[in-house]
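Engineer: show me how the following folds:
(chains A and B)
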2 protein chains.
Amino acid sequence: MADRTITLRLDGTDGPPPDRTYAIHVGRGTLAETGKVLAATGCQRAVVLADAAVVTPHATAVMTSLTQAGLATDLLTVPSGEASKSLTEAGRLWEALAQLGIDRQTSLVAVGGGVIGDLGGFLAAGFARGIPCWQVPTTLVAQVDSAIGGKTGINLAAGKNLVGAFWQPQGVIADIDTLATLPTREFTSGLAEVVKYGMILDAEFFAWLEANTAAIVAREPAAIEHLVQRSAELKAFVVERDERELTGLRACLNYGHTFAHAFETATGYGTLLHGEAVSLGMVAAAQLAATLGRITAETVTRQHTLLEHLGLPVTTNTLAAVADDTLLAIMGRDKKTEHGQLRFVLPDCIGHVELVEGIDPAAVTAAIVGVRST
Amino acid sequence: MADRTITLRLDGTDGPPPDRTYAIHVGRGTLAETGKVLAATGCQRAVVLADAAVVTPHATAVMTSLTQAGLATDLLTVPSGEASKSLTEAGRLWEALAQLGIDRQTSLVAVGGGVIGDLGGFLAAGFARGIPCWQVPTTLVAQVDSAIGGKTGINLAAGKNLVGAFWQPQGVIADIDTLATLPTREFTSGLAEVVKYGMILDAEFFAWLEANTAAIVAREPAAIEHLVQRSAELKAFVVERDERELTGLRACLNYGHTFAHAFETATGYGTLLHGEAVSLGMVAAAQLAATLGRITAETVTRQHTLLEHLGLPVTTNTLAAVADDTLLAIMGRDKKTEHGQLRFVLPDCIGHVELVEGIDPAAVTAAIVGVRST
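Structural biologist: Residues are numbered from 1 along each chain as shown, chains lettered A, B, ... in the order given. This next block holds a predicted model:
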């Protein structure tokens, strides 16, 4: 398998087996190796959960690989889109898993984007109080972010990801060949999280992104492979050190996300893609940081320019009918708030962020002005 | 507080804080101490989840205690009965928690029986990927069993407790005064798990139960206090050594339960109380063990007699319309099966059980004959 394996090391925190370390395989053609990877762990039975839109070719490739490796394999499909991250859909699929007669040794294999990964992980965490889960991300945002680190969840009417579980996968298999056929809007959306890694952790990577925008937008395999690998490494670095968001380190991954979740909730899930909301959220967060005197106007501009060059939105008309108070109210009940106080992850330079508490709502509102267009 | 505190020691398996050890307070009048106990942990806000039938007096007593200790307190109620352990009810309550604007520092306090404890723990495990949960059991079965050990869950159409999470409480507060007003059928039902502890772990406790049936049935406080304390100790002993049912030790708690879950599922949730099903399940399991030559007829009789003297059912007419094949099919998809094989926890004497694999379905069917009455 032409891949580079990143190892995410975690302690034996859920009882034996003592080691919850797992591998993140990033490469070309890795989809066809899924069966071999699972069989090597002793897995004999798998249920593939797939986005109905990518059954052909991705889920089919995984099913073929699993069957060739001797695993009993079933397929469950889910309609495309954020609406599938619902309790209703989870209930339907849990009943389906029960009807298949699976047991605690059966692996759930989630093939698709962030929705499938989050939903599949949540299903695995809850079924029989936990069955093994494998993440096979086929979108950019899933490969660089959501498939790694064990955060799973579904949406409520009251907000995104308000219900979920920490449930680490047995492994992650990311085939960058699946990115070649992604719709442009979806591919571009995934780049928001990549820019985020540069902003929060790695100035050198940020500069590499600035220098390689053309190759990235053209999806040149060498550039994409580096981009996915480095992003996965950075995500693994954070998760290893703060699996459950307790030390504050993992919170740095929420850069831009408090704004983003409010934008997504206020406009209705699906109006903005998650990455588009994150891009707008980072624009607002950088503006907020500059207002508070934490970063220079030049830093704001560098981020703004990189996002634009990658094709990401830096302004939006989707908030035209949304009042500032509505956005503030949503941010006030974000699950990352503590005792109702507004707090944001803000940069103090490219490559470093801090969690800032007790921010004035007026400053937050002012930071949103710049992302509103008519 | 006139209680005896049992300490359940668990490793720091979910990251810091490094110690997930918690206290189980068993005594008289402990309900009124809930606020003091929570405040001592730094908790400032609590949402009480209560069975609508016990809001007065139990949940009210807890609310008063919390308020007096200075905690901001809200109340959510749930209709009585097993039907509330549903995904629909969980969804309604998650939305309600979101509307209350609670954060990850808010504690959920589950006041009621097994249904409330299982549902409340599941809600706490899932909301914002986990908030603190306190168990305040007010029924016998909850005090001696379900409130201790972190198993939470809801039912699917396909089976009982098929979806859930391991989510340890911050503490358990068991007030035996709440047992004085329990309906006889419900109190008696709780004794099934108590007999189980004697059968699986403690011959001396089993003999004490045999010698004290009159005091137990009369609910004499001294007898009930000993019974709840010893049961809680035995449950804690097992959970400490096998939190997630991985070493096989915790599986011993399933004595009688594979049969019981099949009886409950086949007759429709609520026809039999859980403890009644467990009593019948232990009768069948003992018969199965005798058929396999693992225990003597005398041991079967001792268990049978104790169950009868405590008022528990040893035969039932609720299975009249249920075919053996239906029961076998349900047992085959029980979440404790492995690769589809039938396995049972069976005694080899009073005070010791073993997990026995690959049991002949014909022997299982034969063991059920004795519990069927017309």
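Engineer: my guess is residue A:70 contacts residue A:39. True?
Structural biologist: Yes: judged on C-beta atoms under 8 Å, residue A:70 makes contact with residue A:39 at a distance of 6.3 Å. Using the backbone N, CA and C atoms, a C-beta is placed for each residue, glycine as well.
Engineer: settle it for me: which of the two has more neighbours?
Structural biologist: Just comparing residue A:70 and residue A:39: by other C-beta atoms under 10 Å in any protein chain shown the higher neighbour count belongs to residue A:39, 17 against 12.
Engineer: tell me the contacts of the more buried one?
Structural biologist: Going by C-beta atoms under 8 Å, 6 or more residues apart in numbering or on different chains, residue A:39 touches A:69-71.
Engineer: and it, how far from chain B?
Structural biologist: Applying C-beta to the nearest C-beta, to the nearest Å, the value for residue A:39 to chain B is 15 Å.
Engineer: what pLDDT is listed against the residue sitting nearest the centre point of chain A?
Structural biologist: Centroid-nearest residue in chain A, with C-alpha atoms, centre = their mean: residue A:146, separated by 2.5 Å. Note for residue A:146: predicted pLDDT of 95.
Engineer: could you measure from residue A:328 over to residue A:228?
Structural biologist: For residue A:328, the distance to residue A:228 equals 36 Å [C-beta to C-beta, to the nearest Å].
Engineer: neighbour count: the two, which is higher?
Structural biologist: residue A:228 (24 against 16).
Engineer: what ranges does chain A have for its strands?
Structural biologist: A:2-8, A:22-28, A:45-51, A:72-78, A:107-112, A:133-137, A:151-156, A:159-166, A:171-175, A:343-349, A:352-357 (DSSP state E).
Engineer: out of these, which comes closest to chain B?
Structural biologist: Smallest distance to chain B across the strands of chain A (C-beta to the nearest C-beta): 4.6 Å, for strand A:159-166.
Engineer: tilt between that closest one and strand A:151-156?
Structural biologist: 140 degrees (axes from the mean of the first three to the mean of the last three C-alpha atoms, to 10 degrees).
Engineer: could you give the mean pLDDT of strand A:159-166?
Structural biologist: Mean predicted confidence for strand A:159-166 is 92.
Engineer: now swap in stretch A:66-80 and tell me
Structural biologist: 97.
Engineer: for that stretch, what is the distance to the chain centroid?
Structural biologist: Here the centre of stretch A:66-80 is set off from its chain's centre by 23 Å, with C-alpha atoms, centre = their mean, to the nearest Å.
Engineer: buried residues in that stretch?
Structural biologist: Within stretch A:66-80, the residues that qualify as buried are A:66, A:69, A:71, A:73-78, counting by 16 or more other C-beta atoms under 10 Å in any protein chain shown.
Engineer: if we can go back for a sec, wait, doesn't the residue nearest to the centre of chain A sit right on residue A:140?
Structural biologist: No: Residue A:146 lies out of contact with residue A:140 (C-beta under 8 Å); the separation is 10.4 Å.
Engineer: might you report the residue contacts of residue A:239?
Structural biologist: Counting by C-beta under 8 Å, 6+ apart, residue A:239 has contacts A:8, A:10, A:148-150, A:250.
Engineer: one more time with 10 Å
Structural biologist: Neighbour list for residue A:239: A:8-10, A:148-151, A:166, A:168, A:245, A:249-250, A:253 [criterion: C-beta atoms under 10 Å, 6 or more residues apart in numbering or on different chains].
Engineer: again, but for residue A:240
Structural biologist: Residue A:240 makes contacts with A:7-11, A:21, A:149, A:249-250, as judged by C-beta under 10 Å, 6+ apart.
Engineer: try 8 Å this time
Structural biologist: Contacts of residue A:240 (C-beta under 8 Å, 6+ apart): A:8-10.
Engineer: and if you look at residue A:366?
Structural biologist: Neighbours of residue A:366 in contact, by C-beta under 8 Å, 6+ apart: A:287-288, A:291.
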